[in-house]
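> Compute the structure for the input listed below.
(one chain, ligands or ions: 1)
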Amino acid sequence: MRREGYELDSQIGFGSFGIVHAAFVTEGPHLQEKVAVKIIELEQFPNHNLEKIRKEIQIMRLSSHSNILNHHVCFTSQTQLWMVMPIMDCGSVGNILKCFYRNGIQDECLVATILKEILQGLNYFHEHDQIHRDVKAGNVLLSREGKIYLSDFGVASYLRSGQNAKTFTGTPCWMAPEVIESENNAGYDFKADIWSFGITAIELVKGAPPLIDYPPMKIILMIRNSDPPQLGKEDDLDSSFKEMVNSCLQKDPSKRPTAESLLKKRFFNKARNCEYVNNHLTNILPALEEMVSIPRLFAGLVRDRNNSEADSWDFNLSSGNNSKVKTEDPLAGIGTDEEDPLDTLQEIDY
Ligand SMILES: Nc1ncnc2c1ncn2[C@@H]1O[C@H](COP(=O)(O)OP(=O)(O)OP(=O)(O)O)[C@@H](O)[C@H]1O
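Sure thing, here's the model as predicted:
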């Protein structure tokens, strides 16, 4: 399909709001550049406010940090919102966990590196009075060279925040208790991201977040009514990791540390650089198109984590496909001074 200067190629991701495609630029100075396009059907948000979406896009485009994946351009096309961004040739950490690490990543240095990079991106958001609102491994993208980016902030999370608990379509495992309660109380602040960060840390070492096997409404009730998930003696994990995670998962948001103070925790002394991520993870992953077909094929098995058949799948990472896909700087090439997306949005008559 060809639209608005982009030719859509294969699907590389599925979210609860829409589909992500690889695509090629078909016009202008970046002709043939490969990008990712996330397409959100706006009709699923009957109360969406185009004015607010425009503001979110404006804020989004002001963000500039080495751990934040910015969009090249966003525009509406008929009833769809198209978000064009650099393509990350190793996809999301969420996808990687589903494909290759269903029992979690055991390499502490790798976990510390990924989490530290996420935290640096979050710290940037919070310093600029922004809340990400959807921190999870599925929104952490990796380039082949081992760079780590937080994605899916701004419009998508704004649209998500307009959903209430009854209409919530995603998996709420990462939601902080005060976000669930936000309709009944004063709302929430950046500390909600710290809770989601703690859940993401557990996701990385266990392969999935707590409560993943329950239906969404039950998860919401459990997060609201139960004690927070805390790592204890029974969890065979480094004590500095457990201390860091437990500090994030406190029901009272004011007791949670800031992203800045989390970065000083002992656990992050284990963090390395993107070369380490490349050598120990991204370099040994298959091509993106190959990877995205795996969770789709085995979706049922992946979800049922106790299924013995699921455990028998062995993708053999160590002897895995070492073939590299084209390694270009995913952020290079397309400038940010493209056509103003706000102008494009204004063309659409809602
Ligand atoms: N820029 C990108 N480059 C490569 N893969 C991407 C890119 N953006 C998204 N993806 C892939 O698409 C998947 C779906 O992304 P999307 O943001 O739509 O959904 P999600 O955030 O994972 O889920 P949900 O919408 O339920 O929160 C991601 O998990 C990732 O694997």
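
> can you tell me how far residue 236 sits from the ligand?
Distance, residue 236 to the ligand, using Cβ to the nearest ligand atom, to the nearest Å: 28 Å. Any C-beta I mention is one placed from the backbone N, CA and C, and that applies to glycine too.

> Test for you: state the pLDDT assigned to the nearest residue in space to residue 171 that is not next to it in sequence.
Residue nearest to residue 171 in three dimensions, not counting chain neighbours: residue 216, with 6.5 Å by Cβ to Cβ, 6 or more residues apart in numbering. Residue 216 carries a pLDDT value of 88.

> give the contact list for the closest residue to residue 248 other than its chain neighbours.
Spatial nearest neighbour of residue 248, chain neighbours left out: residue 198 (2.8 Å); criterion: Cβ to Cβ, 6+ apart. Contacts here follow Cβ atoms under 8 Å, 6 or more residues apart in numbering; on that basis residue 198 touches 245-249.

> Is it correct that the residue nearest to residue 171 is in contact with residue 174?
No. Checked against Cβ atoms under 8 Å, the pair residue 216 and residue 174 is beyond contact range at 12.0 Å.

> ok, and the closest non-adjacent residue to residue 31?
In space, residue 31 is closest to residue 25, 5.8 Å off (Cβ to Cβ, 6+ apart).

> Same check on residue 127?
For residue 127, ignoring the flanking residues on the chain, the nearest one in space by Cβ to Cβ, 6+ apart is residue 260 at 7.9 Å.

> in which helix or strand would I find the residue in the chain that the ligand sits nearest to?
Nearest residue of the chain to the ligand: residue 13, at 1.7 Å (Cβ to the nearest ligand atom). Counting by DSSP states H and E, the element that carries residue 13 is strand 6-14.

> go on, residue 200?
With DSSP H and E as the test, residue 200 turns up in helix 191-206.

> by contact count, what packs against the helix or strand hosting the residue nearest to residue 127?
Taking DSSP H and E as the criterion, residue 260 maps to helix 259-262. Counting contacts by 3 or more Cβ pairs under 8 Å, 6 or more residues apart in numbering; DSSP states H and E, helix 259-262 packs against helix 108-127, helix 191-206, helix 239-248.

> Now do the strands in the chain.
Using DSSP state E, the strands of the chain run over residues 2-3, 6-14, 18-25, 34-41, 73-77, 80-86, 140-142, 148-150.

> now these in CSV, with mean neighbour count and distance to residue 123?
Output for the strands of the chain, formatted as CSV (neighbours: other Cβ atoms under 10 Å; distance: least, Cβ to Cβ, whole Å):
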stretch, mean neighbour count, distance to residue 123
strand 2-3, 13, 37
strand 6-14, 17, 26
strand 18-25, 20, 26
strand 34-41, 21, 25
strand 73-77, 21, 25
strand 80-86, 22, 21
strand 140-142, 27, 15
strand 148-150, 25, 11
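
> Compare these and say which comes out lowest on pLDDT.
Between the strands of the chain, the lowest average pLDDT goes to strand 2-3, which shows a mean of 60.

> does residue 28 really touch residue 4, like I thought?
No. In this structure residue 28 lies outside contact range of residue 4 using Cβ under 8 Å: 11.4 Å.

> Between the two, which has more neighbouring residues?
residue 4 (15 against 11; other Cβ atoms under 10 Å).

> Please enumerate the helices of this structure.
Ranges of helices within the chain are 50-62, 93-100, 108-127, 155-161, 177-180, 191-206, 216-225, 239-248, 259-262, 274-280, 288-297, 299-303, 308-311, 341-347, based on DSSP state H.

> Rebuild the ones you listed as a markdown table, extending it with distance to residue 84.
Compiled in a markdown table, these are given as follows (distance: least, Cβ to Cβ, whole Å):
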| stretch | distance to residue 84 |
| --- | --- |
| helix 50-62 | 12 |
| helix 93-100 | 20 |
| helix 108-127 | 20 |
| helix 155-161 | 12 |
| helix 177-180 | 29 |
| helix 191-206 | 25 |
| helix 216-225 | 30 |
| helix 239-248 | 33 |
| helix 259-262 | 28 |
| helix 274-280 | 24 |
| helix 288-297 | 17 |
| helix 299-303 | 27 |
| helix 308-311 | 35 |
| helix 341-347 | 9 |
